[in-house]
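Enquirer: okay, here's the prediction I keep looking at, along with the sequence it came from:
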Amino acid sequence: VTPLVIDTDTAADDCFALLVGLLDPRADLQAITIVAGNIDFTQQAHNAFLTMEKAGCAGEVPVHLGASTPLVRRWKSASEVHGDGVGGQRRNRADKPSEEHATDALIRTATEHEGSLKIVAIGPLTNIALAVRKDPDFASRVAELVVMGGSINGRGNVTPAAEYNMYVDPEAADIVFRAGFPCLKVVSWDPLSINYAAFDQTRIAGVEALGTELSDFFVKANAKTFDFNVQAGLTGSIHCDSLAALIAVDPGVVLEEKHYRMHVELFGEHTRGTTVFDWKAPLSEANVIAVERIDTDKFYSYIKTLLATPVGT
Ligand code: BDR
Ligand code: CA
């Protein structure tokens, strides 16, 4: 069983990465840490509590609040993509987050599970960067860090050149990619080059047909990002965050990965946050393992199985 922390800007899509941590028997979710990202910071924490309630795990995993702004840049919302709550689904009860700051929870958990903890970072990397700065041994204690971010072929989403998580806090990303994590896997934005099929109408219909509480939660959450992505010319909503979480518990879903020296642009007028995957760098200088191809059918059937899980009401 893999001890796991998921660092997230919980909006309409990260919730399903949380479900992997909460419901997959191979995962032992130690903590959920919240970072400034997609939508209103407090709402992100509420969305994490809502997801736990939907999974029948209310109160089982502590939620720690982290950085409510990026390190340097001004926060940029993506509420136009994610809508309110989890695709409009809100909870009225506001649970209490832990008193312990996310950065301290990350450092403590990495120490308690030295050499076995896996961290799945699916928002801007502000909390991870703060942990690196606060504890110089933090990175070396983490067995694996899986980051959802960047784009191998340079196609961004929040700007033509940059993927959202890298764009919002490029300085944090730069700190993390230079920190010397022994195993840093990157699930990049490129729906094209990773060729994991988007959740198009057919796949969403397949989820809807499950008729469970969790499938209903997914379909409602997905509706918002689906429309936004289709208008942006994609075939559906791209669930890269739950893919990142699955990779942490089942690396076998990845069919092809490559070592790169990865850089994040900090100063470009048009290219802030864009990621450069230097394929020319010698293996000795590589700092990431980028996912290049996955078993898309396995990913889709995993999500359906996860959403078919009967949960106590
Ligand atoms: C990233 O931003 C959000 O849309 C998703 O949660 C994902 O983490 C993709 O750019
Ligand atoms: Ca996210």
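Expert: Thanks, I have the structure now. Ligands and ions are numbered 1, 2, ... in the order given.

Enquirer: from here on, contacts and neighbour counts on C-alpha atoms
Expert: OK.

Enquirer: could I get the average pLDDT for stretch 298-309?
Expert: For stretch 298-309, the mean pLDDT works out to 96.

Enquirer: and it, how far out from the chain's middle?
Expert: With CA atoms, centre = their mean, to the nearest Å as the basis, stretch 298-309 stands 17 Å off its chain's centre.

Enquirer: who touches it?
Expert: 19-20, 23-24, 203, 206-207, 210-212, 214-215, 218, 243, 253 (CA atoms under 8 Å, 6 or more residues apart in numbering).

Enquirer: taking those residues together, which two end up most distant?
Expert: 211 and 253 (25.7 Å; CA to CA).

Enquirer: quick one: which of the two has more around it?
Expert: residue 253 (19 against 12; other CA atoms under 10 Å).

Enquirer: right, and the more buried one touches residue 247 too?
Expert: Yes: contact criterion CA atoms under 8 Å: residue 253 and residue 247 qualify, at 6.5 Å.

Enquirer: give me the nearest residue to residue 277, chain neighbours excluded.
Expert: The shortest distance from residue 277 to any non-neighbouring residue, by CA to CA, 6 or more residues apart in numbering, is to residue 262 (4.5 Å).

Enquirer: any idea of the pLDDT on that neighbour?
Expert: 98.

Enquirer: can you check the one 5 residues further on too?
Expert: Here, the pLDDT recorded for residue 267 equals 96.

Enquirer: ok, now residue 90?
Expert: For residue 90, the model assigns a pLDDT of 82.

Enquirer: could you do residue 93 as well?
Expert: Residue 93 is assigned 73 on the pLDDT scale.

Enquirer: and for it, the neighbour number?
Expert: The burial count assigned to residue 93 is 9, neighbours taken as other CA under 10 Å.

Enquirer: got the contact list for it?
Expert: Applying CA under 8 Å, 6+ apart, no residues qualify as near residue 93.

Enquirer: need the three-state assignment for it.
Expert: Classification of residue 93 by DSSP: H, G, I helix; E, B strand; the rest coil places it in coil.

Enquirer: likewise for residue 247?
Expert: Under three-state DSSP, residue 247 comes out as helix.

Enquirer: look up how far residue 39 lies from it.
Expert: 25 Å (CA to CA, to the nearest Å).

Enquirer: between these two, who's got more neighbours?
Expert: residue 39 (23 against 20).

Enquirer: ok but the more buried one is inside a strand, no?
Expert: No: going by three-state DSSP, the assignment for residue 39 is coil, not a strand.

Enquirer: looks like it contacts residue 79 (just checking).
Expert: Yes: contact criterion CA under 8 Å: residue 39 and residue 79 qualify, at 5.2 Å.
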